[in-house]
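> Okay, here's the prediction I keep looking at, along with the sequence it came from:
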Amino acid sequence: MVLLRSEIATSAPDRGLVDLQESWRRCAERYRFDRAAKPYFSSLTAHEIGEHSEGFDENLVTIDDELKFIQSTLRSARFCVSFSNMAGIILRYQTGPGNDAGLEMERPGAIWAEGVAGTNGVGTCIMEHRPTIVAGEDHYFQAYSSLSCVAVPVLSADAEMAGVLNIATSNPKVGMESLGIVAGLALTTAERLSNRLFMNRFSRNSILRVQRESHVMLLALDEDQRIIGANREARAFYRLGADGLGQHELWSIFERSPDTLDGMTKGGTLPRLRQIDGTEAANAVLVPPEEDRAWRRPTRKAGPARDNRTAGRTPRLATHPTIEQCLGSDPRMAQLSRLLRNVSGSLPLLLLGETGTGKDTLARALHNDGARRDKPFVAFNCAAVPESLIDSELFGYSAGAFTGAKRDGNTGRLREADGGTLFLDEIGDMPLALQTRLLRVLESGEVSPLGSGKAQHIDVNIIAATNHDLLKSVAERRFRQDLYFRLAGLVVEMQPLRERSDILEIAQSLLRASGSPAELGDDATAALRRYCWPGNIRELRFVLLRAVHICEGNLIKAQDLCLPSTAGQDAQELAPPGLRDPREPLRAAEKQMIQEMLALHSSDVTKAARALNMGRATLYRKMRQHALGSYKVIR
Ligand SMILES: Nc1ncnc2c1ncn2[C@@H]1O[C@H](COP(=O)(O)OP(=O)(O)OP(=O)(O)O)[C@@H](O)[C@H]1O
């Protein structure tokens, strides 16, 4: 029997969740699947994943950032978060340390197209172009009934569906109510991700951002103030058809007053922007082209870093902090930055630190500011690539090395990085057998691609990073001691944000880099200092981006930060891992989502409940459970 999610679907008419009956019909009639049969599970090679990732270019970095953020919000290995393209192929993936074995099928390369895997979150969302929850038995194939998924569309800069953000769990205790909450998180993230893809695409243009309640309208402008791009919200609100883009001047929508023209020249808030029908566009900000935003490196001597995700094309220069900006103003750190500048490029570096502390960012800064800046920067995430593929991806193979190999062979990341930097992220997750192989390459300076028999000399500077306690892994014999010493030419420990004295400076640069003129009020700066920041700088960035949207005028108050109350947080953090309540990550995520939605909807419980896909009474009950204050109901 098909379980319909009618309760949720009716309480969220504007979000319109998918009715799965149609999908089941397709499975039975069009694909002629047998529900009880073992489905054909297909997965692609890393090379094929790379091919399917083409077109996403530097957006993959943005996608990874959002996936990591959701993962750190859920804080559980029992959830995994992924991004798939429109063919239903998982391209990117995040899960907590010690991934739940039940989620192995959600790794990059897995194909979840409905025509292959039957009714499922990703595939059915692609067919229907709408948010989809597929819980347990809702999957057409019984073999997938241990999974529950929430899948939501992500839009390209052209407002077309570009892929799917999927949150999956194999935890049978996660019920429909919790999935509804997770859906709220997925929807907000997908919307933000779509808007970031828009900002990336039009990074060389000025972008007018207008916010109405929780809707963010983005309009990209050329030098003559013609509208050349619009996100979906803007297309709907200002009735812009795709064919009209590039034709309309901004002044066909907004009044061309001296105040507005003056504001447009300076950038930042446009306080008196009015539509031509007289409606005031409160919360309007003109975001300047990327090169004019704060944080751009003062000199452009450095050649653009090459990333394995953008190999083969000319990547755009990305806004990027320098080594000094990564390390901050703490005097100990300032000393370290001098040392790093001296040794960078000639000594292997090991970056340690919690998630989101800036290891990846520092690695890129070290390359961009170092002697190898004109050579490739190649990033390889040891946890994101299936174990069976790390070997061929890292060391490469020659033509026809094995069945299914690419016809021309595969250069491998080590040879791709020749002359430059290889950033080995999540090195703590590298399987032991491959650690041995890597060690051999590092000791000999030679790599022998599979099937070639010929060793090739390479000159690569390695920067490795992990958020595991690598010495503990060495003691437990999960990480080779000799490899540890090879990688640890210099060990840099990134401080957790809660221990950094320069948190306000970081917050201010993040605000400037966002293009927003908003400033932090005194109560907000105190709240930033008090909070424990489990997601570190990544979390701070998201908290500030959200606050910029919520705050009135240009002053961010403590309440706009929507930080979880520290009391509950600390208690949970202090509990030894074994004693932690396994439902806690969900509760914390639920509380955060509720706070976020209430803030976005100016405490209007009816609207917040609708956005969260739940009834008002349920939301009230949950607010009581989480001890959230009193809110108004607007009918
Ligand atoms: N010094 C900094 N100033 C401002 N923003 C930063 C800084 N360092 C990192 N960030 C931002 O914080 C986010 C997380 O950074 P990054 O990916 O480098 O962390 P990480 O330690 O590598 O995380 P993970 O271990 O989860 O991969 C990114 O959005 C990055 O742009």
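Arrived safely. Numbering: from 1, shown residues only.

> Contact residues of the protein facing the ligand?
Residues of the chain lying close to the ligand by Cβ under 6 Å from any ligand atom are 65, 68, 321, 325-326, 353, 355-361, 467, 506, 509-510, 537-538, 541. Yep, even glycine has a C-beta here, placed from its N, CA and C like the rest.

> if you set the cut-off to 8 Å instead, what comes out?
Contacts of the chain with the ligand, taken as Cβ under 8 Å from any ligand atom, map to 64-65, 68, 72, 295, 321, 325-328, 351, 353-364, 425-426, 465-467, 494, 506, 509-510, 513, 536-538, 540-541.

> In the stretch 101-250 of the chain, what residue spans correspond to strands?
132-135, 148-155, 161-169, 206-212, 215-221, 227-230 (DSSP state E, counting those that start in this stretch).

> Figure out which of those is closest to S257.
strand 206-212 (14.7 Å; Cβ to Cβ).

> Wait, A363 touches L424, no?
No: with contacts counted by Cβ atoms under 8 Å, A363 stays clear of L424, the gap being 9.4 Å.

> list the residues that contact both of the two?
Common neighbours of A363 and L424, using Cβ atoms under 8 Å, 6 or more residues apart in numbering, are 463, 465.

> one step back: got the strands of the stretch 101-250 of the chain as CSV, with distance to L555 and mean pLDDT columns?
Below are the strands of the stretch 101-250 of the chain laid out as CSV (distance: least, Cβ to Cβ, whole Å; pLDDT from 0 to 100):
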stretch, distance to L555, mean pLDDT
strand 132-135, 38, 92
strand 148-155, 31, 94
strand 161-169, 32, 94
strand 206-212, 15, 86
strand 215-221, 19, 90
strand 227-230, 29, 94
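
> if we can go back for a sec, can you tell me which of the residues of the chain next to the ligand are in helices?
Judged by DSSP state H, the residues of the chain next to the ligand include 64-65, 68, 72, 325-327, 359-364, 506, 509-510, 513, 536-538, 540-541 as members of helices.

> Only the buried members of these: can you turn that into a PyMOL selection?
Burial among these is assessed by 16 or more other Cβ atoms under 10 Å; the matching PyMOL selection reads:
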select buried, resi 64+65+68+72+325+326+327+359+360+361+362+363+364+506+510+513+536+537+538+540+541
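
> residues contacting the residue of the stretch 251-400 of the chain found nearest the ligand?
Using Cβ to the nearest ligand atom, G358 is the residue of the stretch 251-400 of the chain that sits closest to the ligand, at 2.8 Å. Going by Cβ under 8 Å, 6+ apart, G358 touches 326, 494, 536-537.

> still on that earlier bit, for the strands of the stretch 101-250 of the chain, could you give me JSON lines that also reports mean neighbour count?
As requested, the strands of the stretch 101-250 of the chain are exported to JSON lines (neighbours: other Cβ atoms under 10 Å):
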{"stretch": "strand 132-135", "mean neighbour count": "27"}
{"stretch": "strand 148-155", "mean neighbour count": "26"}
{"stretch": "strand 161-169", "mean neighbour count": "26"}
{"stretch": "strand 206-212", "mean neighbour count": "21"}
{"stretch": "strand 215-221", "mean neighbour count": "22"}
{"stretch": "strand 227-230", "mean neighbour count": "22"}
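
> Now that we have these, can you turn them into TSV and tack on distance to D57?
Formatted as TSV, those follow (distance: least, Cβ to Cβ, whole Å):
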stretch	distance to D57
strand 132-135	27
strand 148-155	15
strand 161-169	12
strand 206-212	19
strand 215-221	18
strand 227-230	17
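
> D429 against A383, yeah?
Yes: with contact defined as Cβ under 8 Å, D429 counts as touching A383 (4.0 Å).

> What separation do you get for the residue of the stretch 101-250 of the chain found nearest the ligand and S156?
Residue nearest to the ligand within the stretch 101-250 of the chain (Cβ to the nearest ligand atom): R196, separated by 10.4 Å. R196 sits 12 Å away from S156, going by Cβ to Cβ, to the nearest Å.

> Can you check which residues contact both of those two?
By Cβ under 8 Å, 6+ apart, R196 and S156 have no common neighbours.

> Report the separation between the two terminal residues of stretch 527-544.
Length of stretch 527-544, first residue to last, Cα to Cα, to the nearest Å: 12 Å.

> same question, stretch 71-84
First-to-last distance for stretch 71-84 - Cα to Cα - comes to 16 Å.

> any idea of the mean pLDDT in it?
Stretch 71-84 carries an average pLDDT of 80.

> what does stretch 253-265 give?
82.

> which parts of it are buried?
By neighbour count on 16+ other Cβ under 10 Å, the buried set for stretch 253-265 is 253-254, 260, 263-264.

> And this structure, split by domain according to the record?
Partitioning the chain according to automatic domain parsing yields domains covering residues 6-189, 205-288, 323-495, 500-625.

> what residue is smack in the middle of the protein?
Nearest to the mean C-alpha position of the chain, counting by Cα atoms, centre = their mean, stands E66 at 1.7 Å.

> give the contact list for it.
165, 189, 192-193, 196.

> Give me the secondary structure label for F56.
coil (DSSP: H, G, I helix; E, B strand; the rest coil).

> Quick check: phi and psi at the residue of the stretch 251-400 of the chain closest to the ligand.
Dihedral pair for G358: phi 110, psi 30, per degrees, to the nearest 10.

> Helices along the stretch 251-400 of the chain, start to end?
Assigned by DSSP state H, counting those that start in this stretch, the stretch 251-400 of the chain shows helices spanning 258-266, 323-327, 331-343, 359-368, 387-395.

> Please apply the same query to the stretch 401-550 of the chain.
Taking DSSP H, counting those that start in this stretch as the criterion, the stretch 401-550 of the chain carries its helices at 413-416, 432-444, 470-475, 481-487, 503-513, 522-530, 536-550.

> Rebuild the ones you listed as CSV, extending it with mean pLDDT.
Shown next, in CSV, are these (pLDDT from 0 to 100):
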stretch, mean pLDDT
helix 413-416, 92
helix 432-444, 90
helix 470-475, 90
helix 481-487, 93
helix 503-513, 88
helix 522-530, 93
helix 536-550, 85
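
> Out of these, which is closest to A558?
Of all the helices of the stretch 401-550 of the chain, helix 522-530 comes closest under Cβ to Cβ, at 4.0 Å.

> Could you point out the longest helix of this structure?
helix 176-201.

> report the angle between the axes of it and helix 536-550?
Compare the direction of helix 176-201 with that of helix 536-550 by axes from the mean of the first three to the mean of the last three Cα atoms, to 10 degrees and you get 90 degrees.

> Which other helices and strands does helix 176-201 contact?
Counting contacts by 3 or more Cβ pairs under 8 Å, 6 or more residues apart in numbering; DSSP states H and E, helix 176-201 packs against helix 6-11, helix 59-74, strand 132-135, strand 148-155, strand 161-169, strand 215-221, helix 584-600.

> where does the stretch 1-150 of the chain dip in pLDDT?
Scanning the stretch 1-150 of the chain for pLDDT under 70 picks out 1-17, 75-77, 96-102.

> residue boundaries of the helices in it?
In order along the chain, the stretch 1-150 of the chain carries the following helices (DSSP H, counting those that start in this stretch): 6-11, 21-25, 46-53, 59-74, 114-117, 121-128.

> which of those helices sits most buried?
Mean neighbour count, computed with mean count of other Cβ atoms under 10 Å, is highest for helix 121-128 among those, reaching a mean of 27.

> May I have stretch 339-356 as CSV, with CA atoms only?
Backbone C-alpha positions of stretch 339-356 (Å, rounded to 0.1, in the frame of the first residue of the first chain) are rendered in CSV as follows:
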residue,chain,number,x,y,z
LEU,A,339,56.7,30.7,9.7
LEU,A,340,54.1,29.4,7.3
ARG,A,341,55.0,31.9,4.7
ASN,A,342,58.6,30.8,4.9
VAL,A,343,58.1,27.1,4.7
SER,A,344,55.0,27.0,2.5
GLY,A,345,55.6,24.9,-0.6
SER,A,346,58.7,23.2,0.7
LEU,A,347,57.5,21.3,3.8
PRO,A,348,54.5,19.0,4.1
LEU,A,349,51.9,20.5,6.4
LEU,A,350,49.3,18.8,8.6
LEU,A,351,46.3,20.9,9.5
LEU,A,352,44.3,19.7,12.4
GLY,A,353,41.1,21.1,13.8
GLU,A,354,37.3,20.7,14.3
THR,A,355,35.0,20.9,11.3
GLY,A,356,34.6,24.4,9.9
